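In: Quick one, structure for this:
(one chain, ligands or ions: 1)
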Amino acid sequence: MTPSVIYAREETLDVLEFRRVLAESGLGTIRPLHDKSRLRSMIAGANLIVTARLLTDERPLIGLARCVTDFAWCCYLSELAVAESAQRLGVGRGLLEEIQRHLGPRVSIALVSVPDAIKFYEKAGMKKLANAFWHPRAH
Ligand SMILES: CC(C)(COP(=O)(O)OP(=O)(O)OC[C@H]1O[C@@H](n2cnc3c(N)ncnc32)[C@H](O)[C@@H]1OP(=O)(O)O)[C@@H](O)C(=O)NCCC(=O)NCCS
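Out: Purely as a prediction, here's the structure:
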């Protein structure tokens with residue numbers, strides 16, 4: 001049965017919750033899970049964080065999207081992560097729709113997909129670009 005999920009924009013996020021969902025989604029292997037201060041900066045520097053929480057008393061976090069945007073032209077979606085136990089239930093799509101709702105139709109969304117998630121973004125109607133560029137971080 002699909003669990004009841006509540007989607008919301010949150011101004012901030014507890015660093016341990018952030019780290020847990022990154023780890024439980026599988027994205028933790030390519031994020032600095034060992035570096036709490038960097039994770040805190042990632043949360044503090046984002047200006048659009050959307051969460052998916054189960055509608056139970058504790059409201060556990062099961063998914064999140066962390067974005068940097070000007071709310072006028074562009075948005076970089078840095079993490080879209082759904083805990084493995086909640087994957088393939090529509091939560092990723094729900095988070096993407098919630099981001100789009102907050103951004104409105106004037107704002108484009110850019111992201112770098114891991115190979116496994118390419119189909120997910122294609123199904124969501126996003127276009128693969130041949131002319132996007134990336135300056136990699138050193139560490
Ligand atoms: C990728 C991810 C965000 C998708 O979230 P999700 O909640 O599992 O996806 P949804 O249930 O909303 O799926 C929406 C649609 O995409 C499909 N889909 C989801 N993940 C897919 C995948 N890895 N490959 C192919 N199709 C996929 C679903 O079957 C569904 O299709 P439908 O509309 O035909 O029913 C989630 O699996 C995840 O967190 N993965 C690990 C971290 C990651 O890769 N994040 C993205 C990095 S940029």
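In: Now stretch 5-23: average pLDDT?
Out: For stretch 5-23, the mean per-residue pLDDT is 98.
In: What are the boundaries of the strands in the protein?
Out: Ranges of strands within the chain are 5-10, 48-54, 61-69, 74-82, 108-110, based on DSSP state E.
In: Which one of those lies nearest to the ligand?
Out: For the ligand, the closest of these is strand 74-82, at 3.9 Å, according to CB to the nearest ligand atom. To be clear about C-beta, it is placed using only N, CA and C from the backbone, and glycine gets the same treatment.
In: Let me know the angle separating that closest one from strand 48-54.
Out: Comparing the axes of strand 74-82 and strand 48-54 via axes from the mean of the first three to the mean of the last three CA atoms, to 10 degrees yields an angle of 20 degrees.
In: List the strands paired with strand 74-82, with their directions.
Out: Strand 74-82 has the following strand partners under DSSP bridges: strand 61-69 (antiparallel), strand 108-110 (parallel).
In: what about stretch 5-25, start to end distance?
Out: 17 Å (CA to CA, to the nearest Å).
In: Need the contact partners of it.
Out: For stretch 5-25, the surrounding residues in contact (CB atoms under 8 Å, 6 or more residues apart in numbering) are 28, 31, 33, 36, 39-40, 42-44, 48-55, 59, 61-64, 66, 79, 81-87, 91, 94-95, 98, 102.
In: picking that back up, okay, the strands paired with strand 74-82, which one's buried deepest?
Out: Counting by mean count of other CB atoms under 10 Å, strand 61-69 has the highest mean neighbour count of those, with a mean of 22.
In: Which part of this protein gets nearest to the ligand, residue-wise?
Out: When scored by CB to the nearest ligand atom, the chain has Gly92 as its residue closest to the ligand, at 2.2 Å.
In: Give the burial count for the residue lying closest to that residue once chain neighbours are set aside, as a bare number.
Out: In this structure, Gly92 finds its nearest non-sequential neighbour in Val82, 5.0 Å apart by CB to CB, 6 or more residues apart in numbering. For Val82, the neighbour count with other CB atoms under 10 Å is 26.
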